[in-house]
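Trainee: Compute the structure for the input listed below.
(one chain, ligands or ions: 1)
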Amino acid sequence: MNNEIKICGLRDAPALDAALDAGADLVGFVQFPKSPRHIALDMAGPLSQRASGKALRVALAVDPDDAALEKILAAIDPDILQLHGRESPQRVTEIRHRFGVNVMKAIGIADAADLAQISVYRACCDRILVDAKPPAMPEALPGGNGLTFDWQLIAGLDDKAGLMLSGGLNPANVGDAIALTGVDAVDVSSGVESAPGEKDPQRIAQFIEAARAAFRQRAAPSANEKAKSA
Ligand SMILES: O=C(O)c1ccccc1NCC(=O)[C@H](O)[C@H](O)COP(=O)(O)O
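Mentor: Predicted coordinates:
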């Protein structure tokens, strides 16, 4: 992963086009009927085709069984399957092998103890999305809650390869999140919406611009480094 930006929860062509036009690297289609971002497969298929070759297409599912996965993968034909439930490492391995699909596993982070899951899942999946742990309420969604977590936990990791930072990011805080954590990839959903499930093209563009600026800033040599090499 190298300076990648994912816009998740796209449900219609105007929102998808806003993400693609602004330069999103990954676009996500949520398969979770209780979410305001859920998109039916007969709509998700054409949207995914529209994004083909322009961005990596991510199908997001929560504890899917094989029958559900067959339908999701056939309709969306994703480049990446994001698993956002309680899938065990064994289940992730099984899915990867059975369906031959790249998998990004979401891990909920609330405190330092949760970081152990990163190395557990690194061994069995292609990417890892570190997200805020959902609130412990029956009606809470597994993701898309607009909640941040302590970014210092990620900043302190020795190995950030393959990590995508998520949870409560928005155009105003994504620059700080990138600078502080040092991650190479970010993901957003509710932070670029005007109402639950309603993507706002202007906020999408602002988010991508702010993230790109932070990635550029990190790549640029500091004044100190420039002086040393002069
Ligand atoms: O977005 C949803 O509604 C959703 C529902 C069920 C499982 C996962 C979901 N979203 C996962 C994502 O990848 C979100 O982008 C991620 O949780 C960040 O969301 P937000 O804090 O709203 O930016």
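
Trainee: Give me the neighbour count for the closest residue to Gln206 other than its chain neighbours.
Mentor: Spatial nearest neighbour of Gln206, chain neighbours left out: Pro171 (3.8 Å); criterion: CB to CB, 6 or more residues apart in numbering. Glycine gets a C-beta too; all of them are placed from N, C-alpha and C. Counted with other CB atoms under 10 Å, the neighbours of Pro171 add up to 20.

Trainee: and what of the one 3 residues further on?
Mentor: As a burial measure, Val174 scores 26 neighbours (other CB under 10 Å).

Trainee: mind listing what it touches?
Mentor: By CB atoms under 8 Å, 6 or more residues apart in numbering, the contact list for Val174 reads 186, 188, 191, 207, 210-211, 214.

Trainee: Check it and give its pLDDT.
Mentor: Note for Val174: predicted pLDDT of 98.

Trainee: Please apply the same query to Ser190.
Mentor: At Ser190, the predicted lDDT confidence score is 98.

Trainee: surely it meets Gly144?
Mentor: Yes. Using CB atoms under 8 Å, Ser190 is in contact with Gly144, at 5.7 Å.

Trainee: between those two, what contacts are shared?
Mentor: By CB under 8 Å, 6+ apart, the residues touching both Ser190 and Gly144 are Gly9.

Trainee: and whichever residue of the chain sits closest to the ligand, how many neighbours?
Mentor: Going by CB to the nearest ligand atom, the ligand is nearest to Gly144 of the chain, at 2.2 Å. Burial measure for Gly144: 27 neighbouring residues, criterion other CB under 10 Å.

Trainee: Skipping its backbone neighbours, what lies nearest it in space?
Mentor: Ranked by CB to CB, 6+ apart and with sequence neighbours excluded, the top spatial neighbour of Gly144 is Ser189, at 4.6 Å.

Trainee: if I pick the residue nearest the centre of the chain, what's in contact with it?
Mentor: By CA atoms, centre = their mean, the chain has its centre lying nearest to Asp187, at 3.9 Å. Taking CB under 8 Å, 6+ apart, we find Asp187 in contact with 5-8, 26, 28, 129, 131, 164-166, 169.

Trainee: Among these, which ones lie close to the ligand?
Mentor: 8, 28, 131, 166, 169 (CB under 6 Å from any ligand atom).

Trainee: Drop anything exposed from the residues you listed.
Mentor: For those, a burial check counting by 16 or more other CB atoms under 10 Å picks out 8, 28, 131, 166, 169.

Trainee: Next secondary structure element downstream of the lengthiest strand in the chain?
Mentor: The longest strand of the chain (DSSP state E) is strand 102-109. Next in sequence after strand 102-109, counting helices and strands by DSSP states H and E, comes helix 116-122.

Trainee: neighbouring contacts of stretch 124-133?
Mentor: Residues from elsewhere that reach stretch 124-133 (CB under 8 Å, 6+ apart): 1, 80, 82-84, 89, 92-93, 96, 102-110, 114, 118, 121-122, 143, 145, 147-149, 154, 162-168, 185, 187.

Trainee: repeat that for 7 Å
Mentor: With contacts defined as CB atoms under 7 Å, 6 or more residues apart in numbering, stretch 124-133 is touched by 1, 82, 89, 92-93, 96, 102-110, 114, 118, 121-122, 143, 145, 147-149, 154, 162-168, 187.

Trainee: Likewise for stretch 102-112?
Mentor: 79-84, 87, 92, 95-96, 114-115, 117-118, 121, 125-134, 143, 149, 153.
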